[in-house]
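> A structural model of the following input is requested.
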Amino acid sequence: MPDQVTHDHRPDEAPGALNRLAEDPHSRKRFLRLAGAGAAGALAVALAACGSDDTKTTSTAAAGAGATTMSKDAANRQDLEIVQYALTLEHLEAGFYKTVAASGLFSGKDLDQIKRLQATEEAHVGALTGVVSKLGGTPAPAPKAKFPLKDAKSVLALAATVENLGAAAYLGQAPRISSPEILAAALSIHSVEARHASALNRAIGKPVTPDGAFGKPASMATVLAAVKPFIVA
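Below you'll find the predicted structure:
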C-alpha cells in the first residue's frame with residue numbers, strides 16, 4: 001500500500017469545501033450544478049454527519065488573526081492525499097469483487113450482481129485515477145491483497161463490511177476537502193458506496209441503515225487499520 005498520512009481533521013486547519021458550502025450560498029449553488037441532481041441529499045447527509053467537526057473548523061476560522069490559514073498549495077496537497085487514499089480503497093474493493101467473481105462461490109443472478117459491483121468499483125478507480133493525474137500526482141497502484149473466501153455467506157458479510165467501511169471513509173474525509181469539485185466527486189461516490197452497503201446489509205439480514213438516520217464517518221487511521229489485514233506485504 002502506498003504511504004498515507006494518517007492524520008485527520010485538525011482544529012487549526014482552514015475551513016474545507018464542506019464548511020464553505022454550508023456558509024456560502026454561491027459556492028453551494030456552484031457545487032450543486034457540478035454534482036448533479038443527487039448532490040443536495042448527499043450534501044445534507046454529509047453536513048449532518050460531520051457537524052461536530054464542521055463546528056470546530058468554523059469556530060477556528062471565525063477566531064480572526066489567531067486562526068491558521070492553509071495555503072492553496074497545502075490545500076491542494078491535502079486534497080491529493082485524500083484522493084490517493086480513496087483510490088487505494090477503490091482498488092481494494094474492485095480487486096475484492098474480481099476475486100469473488102472468480103471464486104466459483106456464486107452463479108447466475110448472484111454472480112451477475114457481483115460483476116456489476118466490480119464494474120462500479122472499477123469505474124470509481126478510473127475516475128479517481130484521472131483526478132490524481134489532474135492534480136499532478138502519480139496515481140496510487142493497486143495494492144496486493146488477499147481476502148478470505150470460505151463460503152458465500154461469509155463473503156457477503158465481508159462485502160457488507162467493506163462497503164459500509166467505504167461509505168464511512170468518504171464521509172470521514174468530507175470536512176477536509178478544499179476543492180468543491182473534488183467534494184462533489186467524493187459525495188457522488190459516497191452515495192453509491194452507501195447504496196451498495198444497504199443492499200448487502202439487507203442480503204445478510206442486517207438493518208439497511210445500521211447507524212440510524214445519519215451515517216457515521218470513519219477516520220483515515222481507522223479505515224487503514226481495518227483494511228490492513230487484507231494487504232499482502
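> how about the strands of this structure, start to end?
Listed from the start of the chain, the chain has no strands (DSSP state E) to report.
> In stretch 222-233, which of the residues would be classed as buried?
223, 224, 227, 230 (16 or more other Cβ atoms under 10 Å). For every residue, glycine as well, the C-beta is placed using N, CA and C.
> And for stretch 116-135?
117-118, 120-122, 124-125, 127-129, 131-132, 135.
> what would the residues you listed look like in TSV with distance to residue 109 and pLDDT?
Output for these, formatted as TSV (distance: Cβ to Cβ, whole Å; pLDDT from 0 to 100):
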residue	distance to residue 109	pLDDT
117	13	97
118	15	97
120	17	97
121	19	97
122	20	97
124	23	96
125	25	97
127	27	95
128	29	96
129	30	96
131	33	94
132	35	95
135	39	91
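> Give the full set of residues in contact with residue 78.
70, 176, 177, 178 (Cβ atoms under 8 Å, 6 or more residues apart in numbering).
> The last one against residue 71, yeah?
Okay, so that is residue 178. No - applying Cβ atoms under 8 Å as the test, residue 178 and residue 71 come out as separate, 10.4 Å apart.
> So between those two, which is more surrounded?
The residue with more neighbours, out of residue 178 and residue 71, is residue 178; 23 against 9, by other Cβ atoms under 10 Å.
> so how far is residue 182 from the residue nearest to that one when sequence neighbours are not counted?
Spatial nearest neighbour of residue 178, chain neighbours left out: residue 75 (3.7 Å); criterion: Cβ to Cβ, 6 or more residues apart in numbering. Look at residue 75 and residue 182: by Cβ to Cβ, to the nearest Å, they are 10 Å apart.
> now residue 123
Distance from residue 123 to residue 182, by Cβ to Cβ: 17 Å.
> Next: residue 130.
Distance of residue 130 to residue 182, given as Cβ to Cβ: 12 Å.
> Spit out the contact partners of the residue sitting nearest the centre point of the chain.
Closest to where the C-alpha atoms of the chain average out (Cα atoms, centre = their mean) is residue 170, at 2.4 Å. Each residue near residue 170 by Cβ under 8 Å, 6+ apart is listed here: 86, 186, 187, 189, 190, 193.
> List the contacts of residue 103.
By Cβ under 8 Å, 6+ apart, residue 103 lies in contact with 149, 155.
> picking that back up, what's the most distant pair in the contacts of residue 78?
70 and 177 (11.9 Å; Cβ to Cβ).
> I'd like to know which helix or strand in the chain has the lowest mean pLDDT.
helix 51-61 (a mean of 39; mean pLDDT, DSSP states H and E).
> Low-confidence ranges, the chain, go.
1-69 (pLDDT under 70).
> Just give the closest residue to residue 145, not the sequence neighbours.
Residue 145 sits nearest to residue 230 (Cβ to Cβ, 6+ apart), 4.9 Å away.
> Now do the same contact list for that neighbour.
Shown in contact with residue 230 (Cβ under 8 Å, 6+ apart): 92, 96, 145, 146, 147.
> any idea how far residue 214 is from the first one?
So that's residue 92. Computed as Cβ to Cβ, the residue 92 to residue 214 distance reads 25 Å.
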